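> Structural data only, the sequence is not supplied:
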């Protein structure tokens, strides 16, 4: 099977490698993409067909893996080319947004599969789960059989894979954000040492987990948009959530993108108290 | 030493018992209090002096332990009687609110101690920490020596004990609220089973922790106000937080107060999706 991968970011390239390892042809379009993407695509053994039109012309499926804010644009471009194969959106977006994208691509004759990726990018030593929902979910899951990406077809309607991803990320990234602002407040109020002692006495493991925000700060720039998707998912279910605050929290750490050094918890705590300039 | 306890709720009565066990005289004022308070006061061996005026007239100190929304009113009543002993506010309020209460009672000649209680109410088998800040913190901490309430004098300005309590509760109660809305969303989207499986595979312990909200629902009515105090503390430090959403989350569970049976996670999940009628 031939699959167009849009786009080879860190996660996309790693998942693409898994498809290639199972004998699939994976193509991409380097037009308007960065040098970093090109390098990742070469390492992942993806075939560069230069333009989206050329890639789609030979493809049975499109796999969209990008930042949440790019999911609609990618789908729109593909739908504009009247792609009629299988369109898989594997982005961290709300179930409602996934359904909207599904309607958009189905309107021109494509089949839609809703996807959600859970885990860090797969490596030879680490597997990642790609949850899939919709009538063709099992066919797409099968493409990954035996690779380091585990395709899991859910016996559920379109939106379920995105919902599962939202729930999972709401905890993992919500927890990190919450502990981050707590450490920042504790430092601001001069009680950080007392808090760490109390946590170590009565909540084993929490002190250590509260340092995660420093280790993850370099990814914060792409989490801000995901927090907005999570907020939308809670809103649609009439559930109050603080995820717009989490979007602001990660937005304030966006400056750590591509920094050569991991920031200290002190540096992160200070950054959290300064509104993002957008 | 004679201490007026305002008021013998679940926590107050238990902390009062610790003072009594160390030979202190602990008095309270039953005027306008509930039958439940009276029963708790008797069990805790507190001496009922009927009115606040009578209690204050014999007291060296006042210990305020009530719901966060009551902290100001209690302090105002005591200040109105021109109490000049030591006033200890041990409520779950923001550092700024604690400092305001301190100014109010000091204006009439009292000394102020900022307090924060961490842990469940003390029992013969379980200790609780009472953090204290301010010039008289060590004197008050000493009253509890050898009891099941551990008095901890912080070498910090007034507000530090409240700040520590805010940070601690922000995690313990914020975590419970976050996991609660995630389970509710998962059920709404039909992916609860898949989420529990994924958590059990990749996040050991989280599935079990996500049931905490059902076990704690009967306390939610008094946590809503505490969430507002926590929100105020983050605001004052220029930190974005979702704690007003947490106030709404616990407000939606207020109906479980005094219910004879612990609700199921299904019942809690449904309640979370229905706005509180206030």
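Arrived safely. Source: prediction; values computed, not measured.
> In the helix or strand containing residue A:73, which residues are buried?
If you go by DSSP states H and E, residue A:73 is part of helix A:71-80. Residues of helix A:71-80 classed as buried by neighbour count (16 or more other CB atoms under 10 Å in any protein chain shown): A:71, A:72, A:74, A:75, A:77, A:78, A:79. All C-beta spots, glycine's among them, are computed from the backbone N, C-alpha and C.
> ok, now stretch A:32-40?
Buried residues in stretch A:32-40 (16+ other CB under 10 Å): A:33, A:37, A:40.
> okay, and for the stretch 151-278 of chain A, where does confidence drop off?
Residues of the stretch 151-278 of chain A meeting the criterion pLDDT under 70: A:278.
> now do 80
Along the stretch 151-278 of chain A, the model assigns pLDDT under 80 to residues A:276-278.
> What segments of it are helices?
Listed in chain order, the helices of the stretch 151-278 of chain A (DSSP state H, counting those that start in this stretch) span residues A:160-188, A:192-202, A:206-209, A:212-216, A:220-236, A:243-252, A:265-272.
> would you turn those into a markdown table with distance to residue B:245 and mean neighbour count?
Listed next are those as a markdown table, based on distance: least, CB to CB, whole Å; neighbours: other CB atoms under 10 Å in any protein chain shown:
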| stretch | distance to residue B:245 | mean neighbour count |
| --- | --- | --- |
| helix A:160-188 | 11 | 26 |
| helix A:192-202 | 23 | 18 |
| helix A:206-209 | 21 | 15 |
| helix A:212-216 | 20 | 20 |
| helix A:220-236 | 9 | 22 |
| helix A:243-252 | 8 | 25 |
| helix A:265-272 | 18 | 20 |
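> Adding distance to chain B, write the ones you listed out as CSV.
As requested, the helices of the stretch 151-278 of chain A are exported to CSV (distance: least, CB to the nearest CB, whole Å):
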stretch, distance to chain B
helix A:160-188, 4
helix A:192-202, 5
helix A:206-209, 6
helix A:212-216, 12
helix A:220-236, 6
helix A:243-252, 4
helix A:265-272, 6
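> The ones you listed: which one's closest to residue A:7?
With CB to CB as the criterion, residue A:7 lies closest to helix A:220-236 of the helices of the stretch 151-278 of chain A, at 12.9 Å.
> and that closest one, what other elements does it pack with?
With contacts taken as 3 or more CB pairs under 8 Å, 6 or more residues apart in numbering or on different chains; DSSP states H and E, helix A:220-236 sits against helix A:95-106, helix A:160-188, helix A:243-252, helix B:160-188.
> thinking residue A:122 is in contact with residue A:13, fair?
No. The criterion here is CB atoms under 8 Å, and residue A:122 misses it with residue A:13 at 10.2 Å.
> Around chain B, pick out the residues from the stretch 51-200 of chain A.
When proximity is defined as CB under 8 Å from any CB of the partner chain, the stretch 51-200 of chain A approaches chain B at A:95, A:118-119, A:129, A:131, A:154, A:156-157, A:159-160, A:163-164, A:166-168, A:170-172, A:174-175, A:178-179, A:181-182, A:184-186, A:188-191, A:194-195, A:198-199.
> how does chain A divide up, domain by domain?
Chain A breaks down by automatic domain parsing into domains covering A:2-157, A:163-272.
> Of all those, which one is nearest residue B:109?
Using CB to CB, the nearest of the domains of chain A to residue B:109 is domain A:163-272, at 27.8 Å.
> For that closest one, what is the distance to the chain centroid?
The chain centroid and the centroid of domain A:163-272 are separated by 16 Å, computed with CA atoms, centre = their mean, to the nearest Å.
> for that domain, how far is the first residue from the last?
End-to-end span of domain A:163-272 (CA to CA, to the nearest Å): 28 Å.
> Count the neighbours of the closest residue to chain B within the stretch 101-250 of chain A for me.
In the stretch 101-250 of chain A, the residue that lies nearest chain B is residue A:242 (1.0 Å; CB to the nearest CB). Residue A:242 is flanked by 30 other residues according to other CB atoms under 10 Å in any protein chain shown.
> Nearest residue to it in space, please, no chain neighbours.
residue B:242 (1.0 Å; CB to CB, 6 or more residues apart in numbering or on different chains).
> what does residue A:258 give?
Leaving out its chain neighbours, residue A:258 is closest to residue A:218 (CB to CB, 6+ apart), at 7.2 Å.
> ok, now residue A:267?
In this structure, residue A:267 finds its nearest non-sequential neighbour in residue A:214, 7.7 Å apart by CB to CB, 6+ apart.
> what's near enough to touch that neighbour?
A:262, A:263, A:264, A:265, A:267, A:268 (CB atoms under 8 Å, 6 or more residues apart in numbering or on different chains).
> Can I get those residues in CSV including distance to residue B:248?
Rendered in CSV, the data for these read as follows (distance: CB to CB, whole Å):
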residue, distance to residue B:248
A:262, 36
A:263, 33
A:264, 35
A:265, 30
A:267, 33
A:268, 28
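> how about the residue positioned nearest the centre of chain A, secondary structure?
Nearest residue to the geometric centre of chain A (CA atoms, centre = their mean): residue A:92, 4.7 Å. Of the three states, residue A:92 takes coil under DSSP: H, G, I helix; E, B strand; the rest coil.
> So it versus chain B, what's the distance?
15 Å (CB to the nearest CB, to the nearest Å).
> Distance check, the spatially closest residue to that residue that is not a sequence neighbour against residue A:173.
In this structure, residue A:92 finds its nearest non-sequential neighbour in residue A:226, 4.5 Å apart by CB to CB, 6+ apart. Remark: distance between residue A:226 and residue A:173 (CB to CB, to the nearest Å) = 7 Å.
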